[in-house]
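**Q** whatever this is, show me its structure:
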Amino acid sequence: MLKKLTIQNYALIKELELSFSDGLNIITGETGAGKSIIIGALGLILGNRADVNVLNAKDEKCVVEAIFDFQNEQIKAFLKSNEIDKEDILLIRRQINPQGKSRAFVNDTPVKLPVLRELSGLLIDVNSQFQTFSLNDTSSQLRLLDDFAGVSENLVKYQKLYTEYNSLNRKLISIEDRERKAKIEQDFLQFQFNELEQANLIPGEQIRIEEELELLNHAEEIKKCLYEVDSLLQSEDDGSLEKVSSSLNSLQTISLYNDNYKQLFTRLNEVYIELQDIAQEVDSIKNNVEFDPLRLDELGNRIDLLNRLQQKHIKKSDIELISLKDHIENQLLSFSQIEEDKSHIHKKIAIIFDKLIIQADEIHELRWQVINDVQKQVENNLSSLGMNSARFVIDLDKQNKLTNTGIDSVNFLFSANKGIEVGAISKIASGGELSRLMLTLKYVLTSKKLLSTIIFDEIDTGVSGDIANKVGDMMKLMGKKMQIIAITHLPQIAGKAKSHYKVFKKELNQRTYSSIRLLNNDERVEELSIMISGNKKSKAATATARELMN
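**A** Residues are numbered from 1 along each chain as shown. Next comes the predicted model:
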């Protein structure tokens with residue numbers, strides 16, 4: 001329900017704050033007083049395009065705020081899905097600055113116009129003799145039918161699953177995109193991996209090969225030096241071991257006379273033992289050092305391969321090449337994981353799709369079951385409004401694809417005259433017929449569910465007398481279940497109001513402004529008298545006004 005509307009600097013309105021009640025709210029006023037301006041300002045809340053020309057003072061911003069009281073689960077779900085804070089009330093604010101830039105907020109959260117339009121469509125239904133939004137819009141027609149069929153719980157359950165279904169499809173598209181890119185990259189990575197795998201890389205191998213190559217390349221020099229060392233150590237005539245042995249014999253002889261000589265003997269004996277060990281090792285390895293050209297070629301080729309791979313992959317060692325191979329292997333494994341993920345999501349999508357089909361069929365059946373009842377009620381009510389030959393048909397068809405509202409498309413068809421085939425409402429109904437049809441549809445289709453607010457902007461065009469009185473009765477009955485805001489020129493309708501507002505013009509500082517105020521009972525009588533006869537002092541008009549209010 002629209003509780004409060006605040007307008008600043010919009011067209012002829014300087015500043016206006018208006019509180020609405022539940023039930024039937026009537027707005028009247030002379031032609032040109034500004035009734036349409038209020039609806040225009042409210043249009044900004046509905047997400048209509050902003051125009052800098054609407055600014056009253058061109059150097060100040062325009063602000064329109066609307067406060068709603070709501071208990072609609074669909075609205076709560078909408079706020080949650082759009083990450084808008086949920087409060088006890090719903091505050092929508094629209095601003096237009098002097099440069100023409102527009103901003104929209106819901107509970108102080110900035111939103112884009114498409115989001116605002118979708119939300120306001122759940123809050124307010126605007127109907128006028130020129131703009132019958134919901135009457136010609138198939139999505140709004142379906143929403144009206146759903147209200148009557150009572151499928152809101154089914155639809156919320158379905159839409160939750162449908163959101164998951166769309167999310168999985170988006171994820172599948174992302175995985176398939178990764179898969180396409182992976183296939184382009186996979187062959188190249190597989191080639192790199194095979195090359196590194198075939199190289200049989202061993203950690204630390206490069207250092208060991210380089211050390212062995214160093215030995216092989218200097219084998220002759222090493223062998224010669226080892227033989228020289230062997231000769232110097234073990235020559236029978238003047239080898240180092242022979243000389244040290246003789247020295248030991250001399251020291252041993254005198255070691256009995258003094259501890260110092262004994263220590264010298266001990267120390268030299270340790271040297272002798274170490275020299276013997278060195279001599280044995282030199283003797284052992286001197287014959288193992290050989291120049292091997294085949295081994296040299298083998299190691300040279302191996303080191304060339306390692307250097308080439310390092311240069312190709314911009315690596316500094318065989319350790320880094322092994323790390324690269326492991327990384328490529330993980331990438332290749334991830335490609336197979338993509339296929340597994342894709343298969344898993346395909347299965348989930350198929351399961352959810354089957355559930356959606358079942359739920360969509362259930363919703364379709366609920367809609368189908370009420371169509372005959374709706375058609376009869378609409379035609380009966382049209383007859384009471386003077387359209388005895390009117391025919392109304394709801395065309396409900398199953399489609400080949402799922403949507404956010406199920407599997408159905410709906411089209412309201414209408415004919416006002418006998419012998420004329422039913423057709424699309426927008427093409428076959430005249431202004432007066434359209435007004436009565438619209439009112440009847442809202443009366444019938446909203447009878448099963450409490451909507452937030454319905455606005456009727458001068459839809460009484462083409463009706464008068466007893467029909468106007470019946471239109472008023474219909475609005476009053478609707479007002480018992482929901483909030484109705486109606487702009488009218490007919491006293492028969494205005495007399496049914498729970499709350500009656502009058503739009504008027506006033507002058508301030510040599511400028512004209514539009515304003516509005518709530519009328520008390522006496523003021524209502526006076527306003528209705530003027531609407532009846534144009535003369536508030538007419539006793540007959542005053543008596544009629546009082547009668548209309550009873």
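**Q** for the longest helix belonging to the chain, packing partners?
**A** In the chain, with assignment by DSSP state H, the single longest helix is helix 318-384. Contacts defined by 3 or more Cβ pairs under 8 Å, 6 or more residues apart in numbering; DSSP states H and E place helix 318-384 against helix 138-149, helix 152-198, helix 293-313, strand 391-403, strand 406-415, helix 431-445. Every C-beta, even on glycine, is put in place using the N, C-alpha and C of the backbone.
**Q** out of the ones you listed, which one sits most buried?
**A** The highest mean neighbour count among those, using mean count of other Cβ atoms under 10 Å, belongs to helix 431-445: a mean of 23.
**Q** and the contacts of that one?
**A** By Cβ atoms under 8 Å, 6 or more residues apart in numbering, the residues outside helix 431-445 that reach it are 125, 127, 129, 132, 135, 144-145, 147-148, 374, 377-378, 381-382, 385-387, 390, 392, 412, 414, 416, 425, 429, 454, 456, 459-463, 467, 471, 474-475, 477-478.
**Q** in a markdown table: the helices and strands packed on helix 318-384, plus distance to Ser36 and mean pLDDT.
**A** Shown next, in a markdown table, are the helices and strands packed on helix 318-384 (distance: least, Cβ to Cβ, whole Å; pLDDT from 0 to 100):
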| stretch | distance to Ser36 | mean pLDDT |
| --- | --- | --- |
| helix 138-149 | 22 | 84 |
| helix 152-198 | 33 | 84 |
| helix 293-313 | 75 | 77 |
| strand 391-403 | 29 | 92 |
| strand 406-415 | 27 | 92 |
| helix 431-445 | 16 | 79 |
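**Q** for Gly204, find the nearest of those.
**A** helix 293-313 (11.6 Å; Cβ to Cβ).
**Q** what about stretch 457-468, distance to the chain center?
**A** 45 Å (Cα atoms, centre = their mean, to the nearest Å).
**Q** ok, back up a step: whichever of the contacts of helix 431-445 end up buried, select them in ChimeraX.
**A** Filtering these down to the buried ones (16 or more other Cβ atoms under 10 Å) takes a single ChimeraX command:
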select :125,127,129,132,135,144,145,147,148,374,377,378,381,382,385,387,390,392,412,414,416,425,429,454,456,459,460,461,463,467,471,474,475,478
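**Q** now the most far-flung residue of the chain relative to its centre: how far from Ser250?
**A** In the chain, counting by Cα atoms, centre = their mean, Tyr257 sits farthest out from the average C-alpha position, at 104.0 Å. The gap separating Tyr257 from Ser250 is 12 Å, by Cβ to Cβ, to the nearest Å.
**Q** cool, and Ile92?
**A** Relative to Ser250, and taking Cβ to Cβ, Ile92 is found at 117 Å.
**Q** same for the one helix or strand Gly472 maps to, what does it pack against?
**A** Element membership for Gly472 (DSSP states H and E) is helix 465-478. Judged by 3+ Cβ pairs under 8 Å, 6+ apart, the packing partners of helix 465-478 are strand 24-28, helix 431-445, strand 483-487, helix 491-494.
**Q** any chance of the helices and strands packed on helix 318-384 in JSON lines, with distance to Arg117 too?
**A** Formatted as JSON lines, the helices and strands packed on helix 318-384 follow (distance: least, Cβ to Cβ, whole Å):
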{"stretch": "helix 138-149", "distance to Arg117": "11"}
{"stretch": "helix 152-198", "distance to Arg117": "18"}
{"stretch": "helix 293-313", "distance to Arg117": "56"}
{"stretch": "strand 391-403", "distance to Arg117": "18"}
{"stretch": "strand 406-415", "distance to Arg117": "20"}
{"stretch": "helix 431-445", "distance to Arg117": "20"}
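**Q** can I get the helix holding Gly472 in PDB? Just the C-alpha atoms.
**A** The C-alpha trace of helix 465-478 is given here as PDB (Å, rounded to 0.1, in the frame of the first residue of the first chain):
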ATOM      1  CA  GLY A 465     -25.500   8.100 -15.000                       C
ATOM      2  CA  ASP A 466     -26.300   4.700 -13.500                       C
ATOM      3  CA  ILE A 467     -23.200   3.000 -15.100                       C
ATOM      4  CA  ALA A 468     -21.000   5.600 -13.400                       C
ATOM      5  CA  ASN A 469     -22.700   4.700 -10.100                       C
ATOM      6  CA  LYS A 470     -22.000   1.000 -10.700                       C
ATOM      7  CA  VAL A 471     -18.400   1.800 -11.600                       C
ATOM      8  CA  GLY A 472     -18.100   3.600  -8.300                       C
ATOM      9  CA  ASP A 473     -19.600   0.700  -6.400                       C
ATOM     10  CA  MET A 474     -17.100  -1.600  -8.100                       C
ATOM     11  CA  MET A 475     -14.200   0.600  -7.000                       C
ATOM     12  CA  LYS A 476     -15.500   0.700  -3.500                       C
ATOM     13  CA  LEU A 477     -15.800  -3.000  -3.300                       C
ATOM     14  CA  MET A 478     -12.200  -3.400  -4.600                       C
END
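**Q** that one versus helix 431-445: what angle between them?
**A** For helix 465-478 against helix 431-445, the angle by axes from the mean of the first three to the mean of the last three Cα atoms, to 10 degrees is 30 degrees.
**Q** could you tell me how far helix 465-478 lies from the centre of the chain?
**A** On Cα atoms, centre = their mean, the centre of helix 465-478 falls 45 Å from that of its chain.
**Q** hmm, who's touching it?
**A** Counting by Cβ under 8 Å, 6+ apart, 24, 381, 384-386, 436, 439-440, 442-443, 446, 454, 456, 460, 463, 484, 486, 490, 492-496 sit against helix 465-478.
**Q** over to stretch 309-321?
**A** Gln192, Glu195, Leu196, Ala199, Leu201, Ile202, Pro203, Gly204, Glu205, Gln206, Leu306, Leu324.
**Q** could you identify the most distant pair in those residues?
**A** Those two in those that are separated most widely, counting by Cβ to Cβ, are Gln192 and Gly204, at 22.3 Å.
**Q** mean confidence for the helix or strand containing Pro110?
**A** Assessed by DSSP H and E, Pro110 sits inside strand 109-111. The average pLDDT within strand 109-111 is 91.
**Q** partner strands of it, with direction?
**A** strand 102-106 (antiparallel) (DSSP bridges).
**Q** okay, the strand it pairs with in PDB with CA atoms only?
**A** Extracted C-alpha coordinates of strand 102-106, given in PDB (Å, rounded to 0.1, in the frame of the first residue of the first chain):
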ATOM      1  CA  SER A 102      18.600  10.700 -12.800                       C
ATOM      2  CA  ARG A 103      19.300   8.500  -9.800                       C
ATOM      3  CA  ALA A 104      17.000   5.900  -8.100                       C
ATOM      4  CA  PHE A 105      17.200   4.400  -4.700                       C
ATOM      5  CA  VAL A 106      15.300   1.600  -2.900                       C
END
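**Q** setting aside sequence neighbours, what's the nearest residue to Glu507?
**A** Distances taken as Cβ to Cβ, 6 or more residues apart in numbering place Tyr513 nearest to Glu507, at 7.6 Å, with adjacent residues excluded.
**Q** I misspoke; the intended subject was Ile202.
**A** Asp318 (7.3 Å).
**Q** repeat that for Ser240.
**A** In space, and not counting its chain neighbours, Ser240 is closest to Leu233: 5.0 Å by Cβ to Cβ, 6+ apart.
**Q** torsion angles phi and psi at the one you found?
**A** Per-residue torsions, Leu233: phi -80, psi -40 (degrees, to the nearest 10).
**Q** same question for Val151.
**A** For Val151, the backbone dihedrals (degrees, to the nearest 10) come out as phi -100, psi 10.
**Q** quick one: it and Gln369 touch, right?
**A** No. With contact defined as Cβ atoms under 8 Å, Val151 does not count as touching Gln369 (10.3 Å).
**Q** ok, Asn521 to Phe78 distance?
**A** 40 Å.
**Q** more neighbours: these two, which one.
**A** Using other Cβ atoms under 10 Å, the more surrounded residue of Asn521 and Phe78 is Phe78, with 17 against 10.
**Q** I am finished for the moment; much appreciated.
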